[in-house]
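> show me the folded form of this:
(chains A and B)
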Amino acid sequence: MQMTKIKHHLTDALLMGYAAGTLPEAFNLVVATHISMCDTCRAALAEFEAVGGEVMLDAEPVDMAEDALADAMARIMNAPQTSLPKAKPAGGVFPAPLRDYVNGDLDRVKWRKIGGGVSQMVLKTEGGASVRLLRIPAGTAVPDHGHRGTELTLVLQGAFVDETDRFGAGDIEVANEDLNHTPVAEQGADCICLAATDAPLRFNALLPRIAQRFIGI
Amino acid sequence: MLNEMHTLAKADAVTVMPVYKRTGNAGIRATGANRVMAEATTKRMAWVTQVAAVRDAKDKAAFAELFAYFAPRVKSFLMKSGASPDLAEECAQEVMVTLWNKAHLFDPAKASVSTWIFTIARNRRIDLLRKQKRPEPEDLPWGPEAEPEQADAMGLQQETEQLGQALAALPAEQRKLIERAYFGELSHSEIAAETGLPLGTIKSRIRLALERLRHTMK
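Okay, the predicted model is just below:
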């Protein structure tokens, strides 16, 4: 995968939440996909994981059962030696964690139209947040909306522009209650994004509000 | 078997399996205020050597030492994260078995042994307690790489030790908040951006290593 110049990164709260393992699966997928594309955040994650290691070291030790070590040793000796090397993925648009959820790359996505030229594919995750791939045709706008919770939008291809800035491949926008925006896909290529929310979006116009009931965004 | 293990555990695995050649003045001078720091870093380097002994020689004594130190802490961490004592015990054992099986993946220039074990425990916790999949970042083609430089490994271990000491020195209330974040009691929107921890040194080190890697991949 080609490393592009990434300008918009994960927040410390998201990095710490991912390091701690407390984010919903939908957010984990967006975070893992961004980190696959972004060395800055990969390095920052390493540091937040180090904090976790120190917190663990500091925990008052709790005695293990007397035969715990012998048990562990027996498990090691009895386990079949299966070290399946992970097949090295060929280059494409989607980083490995996303490919796992799509069962392939961009060409395997089953798009469904959701109105205004925009298409989506919802990816199956557990735990109170949802994540979808979005395809916004070049030059098209996503209806003006706000957020009840947190929305993470990671650009995988193309770019979009909203009231705050331009977001290109690898960039992630972290939006919360105080952001109302109308993302517009740049001219040129279709904009493909991975977007996760932990609460339904708040569309400001009536028509998308009605459509929302049918597309579950 | 058990008695044998305990006897083995007393053996000094560090001197049995030296994998890192001493390069003389690499790192730390054991004088004055640096002394505690130096000893703690030496302990971390001993863990590194023990993991290497497990990897290279399937060294049970080295494993027993790691088990004795880390398993009770992993168990405690899991109990604080909401696991029952039985589940935490079971899970801590699995974490240590994973350490044995994946010792070849550990890189002391990129993580302290405590950090690595924490990530294994965290992933088991997500599997067991939350029953969710954990998407992981794409693996990087780090290898084939020469044995990491002693100075790189030592530097990273030292920085992790500094981080641990800074955490311990935080005001109790602040430390509690960080602990709660890692025990899973805070959502990401409740996590404070300002932790008071001196973050940045480990990140810079890993960032440099990544730049070197990208350079060699070109």
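> which elements pack onto the helix or strand of chain A with the lowest mean pLDDT?
Ranked by mean pLDDT, DSSP states H and E, the weakest helix or strand in chain A is helix A:206-215, scoring a mean of 73. The criterion is 3 or more CB pairs under 8 Å, 6 or more residues apart in numbering or on different chains; DSSP states H and E, and the helices and strands that helix A:206-215 contacts are strand A:112-115, strand A:201-203. (Each C-beta comes from the backbone N, C-alpha and C, glycine too.)
> which one of the ones you listed has the lowest average pLDDT?
Ranked by mean pLDDT, those end with strand A:201-203 at the bottom, a mean of 83.
> now the longest helix seen in chain B, how far from the centre of its chain.
Longest among the helix segments of chain B by residue count, using DSSP state H, is helix B:34-57. Distance of helix B:34-57 from its chain centroid, counting by CA atoms, centre = their mean, to the nearest Å, is 11 Å.
> and if you look at stretch A:130-147?
Using CA atoms, centre = their mean, the mean C-alpha position of stretch A:130-147 is found 15 Å from that of the whole chain.
> give the buried residues for the longest helix of chain B.
Neighbour-count burial for helix B:34-57, counted by 16 or more other CB atoms under 10 Å in any protein chain shown, picks out B:37-38, B:40-42, B:44-55.
> if we check chain A, which of those are in contact?
Subset of the buried residues of helix B:34-57 in contact with chain A: empty, counting by CB under 8 Å from any CB of the partner chain.
> and the closest residue to residue B:161 other than its chain neighbours, what does it touch?
With sequence-adjacent residues excluded and distances taken as CB to CB, 6 or more residues apart in numbering or on different chains, residue B:161 is closest to residue B:40, at 4.8 Å. Contacts for residue B:40 (CB atoms under 8 Å, 6 or more residues apart in numbering or on different chains) come out as B:161, B:164-165.
> again with residue B:122
A:19-21, A:52.
> give me the subset of the residues you listed lying in strands.
Judged by DSSP state E, strands contain none of the contacts of residue B:122.
> quick one: which two of those are the most distant?
Maximum pairwise distance among the contacts of residue B:122 (CB to CB): 8.4 Å, between A:21 and A:52.
> quick check: phi and psi on residue A:157?
Main-chain dihedrals, residue A:157, degrees, to the nearest 10: phi -150, psi 150.
> check what pLDDT it gets.
96.
> I'd say it and residue A:189 touch.
Yes - using CB atoms under 8 Å, residue A:157 is in contact with residue A:189, at 6.2 Å.
> how about residue B:115, nearest residue that isn't a chain neighbour?
Excluding its sequence neighbours, the residue lying closest to residue B:115 (CB to CB, 6+ apart) is residue A:53, at 3.6 Å.
> from what I can see the one you found touches residue B:160, true?
Yes - applying CB under 8 Å, one finds residue A:53 in contact with residue B:160, separated by 7.1 Å.
> now for those two: what residues contact both?
Shared contacts of residue A:53 and residue B:160 (CB under 8 Å, 6+ apart): B:111-112, B:114-115.
> on that earlier part again, for the contacts of residue B:40, pick the one with the most neighbours.
residue B:161 (23 neighbours; other CB atoms under 10 Å in any protein chain shown).
> that's a helix at it, yeah?
Yes - membership of residue B:161 in a helix is supported by DSSP: H, G, I helix; E, B strand; the rest coil.
> I'd guessed residue B:95 sits against residue B:125; true?
No - using CB under 8 Å as the test, residue B:95 is too far from residue B:125 to be in contact (9.4 Å).
> okay, now the unreliable bits of chain B?
By pLDDT under 70, the weakly predicted segments of chain B are B:1-33, B:142-148, B:193.
> quick one, what contacts residue A:181?
Counting by CB under 8 Å, 6+ apart, residue A:181 makes contact with A:144-145, A:162-164, A:175.
> apart from its neighbours in sequence, what residue is nearest residue B:44?
Spatial nearest neighbour of residue B:44, excluding adjacent residues (CB to CB, 6+ apart): residue B:157 at 4.1 Å.
> buried set for the helix or strand harbouring the one you found?
Following DSSP states H and E, one finds residue B:157 within helix B:150-169. Using 16+ other CB under 10 Å as the test for burial, helix B:150-169 gives B:150, B:152-164, B:166-167.
> and the next helix or strand past it?
Once the chain leaves helix B:150-169, the next helix or strand it forms, by DSSP H and E, is helix B:172-182.
> give me the contacts around that following helix.
For helix B:172-182, the external contacting residues (CB under 8 Å, 6+ apart) are A:16-17, A:19-20, A:22, A:51-52, A:55-56, A:58, B:80, B:167-168, B:170, B:186, B:191-192, B:195-197.
> got the contact list for the residue nearest to the spatial centre of chain A?
Centroid check for chain A by CA atoms, centre = their mean gives residue A:30 as the closest residue, at 0.6 Å. When contacts are counted by CB under 8 Å, 6+ apart, residue A:30 is found next to A:131, A:152, A:154, A:172, A:194-196.
> what does it show for phi and psi?
When read as degrees, to the nearest 10, the backbone of residue A:30 gives phi -70, psi -40.
> how far away is it from residue B:131?
For residue A:30, the distance to residue B:131 (CB to CB, to the nearest Å) stands at 20 Å.
> surely residue A:49 touches residue B:114?
No - assessed by CB under 8 Å, residue A:49 is found out of contact with residue B:114, at 10.0 Å.
> tell me the contacts of residue B:66?
B:47, B:50-51, B:54, B:96, B:99, B:113.
> on that earlier part again, farthest pair in the contacts of residue A:30?
Maximum pairwise distance in the contacts of residue A:30, criterion CB to CB, is 12.9 Å, between A:131 and A:172.
> A strand includes residue A:121, no?
Yes - looking at residue A:121 with three-state DSSP, it is inside a strand.
> how far off centre is the longest helix seen in chain A?
Using DSSP H to define each element, chain A has its longest helix at helix A:39-58. Computed by CA atoms, centre = their mean, the chain-centroid distance of helix A:39-58 equals 19 Å.
> show the average pLDDT along it.
Rounded mean pLDDT across helix A:39-58 is 97.
> for the helix or strand following that helix, packing partners?
Next along the chain after helix A:39-58, taking DSSP H and E as the criterion, comes helix A:68-78. Counting contacts by 3+ CB pairs under 8 Å, 6+ apart, helix A:68-78 packs against helix B:2-10, helix B:60-80, helix B:85-101.
> residues near residue B:181, how many?
Using other CB under 10 Å, residue B:181 has 26 other residues around it.
> on the pLDDT front, check the residue lying farthest from the centre of chain A for me.
Distance from the centre of chain A peaks at residue A:66, with 42.5 Å (CA atoms, centre = their mean). pLDDT for residue A:66: 96.
> I'm done for today, thanks for sticking with me.
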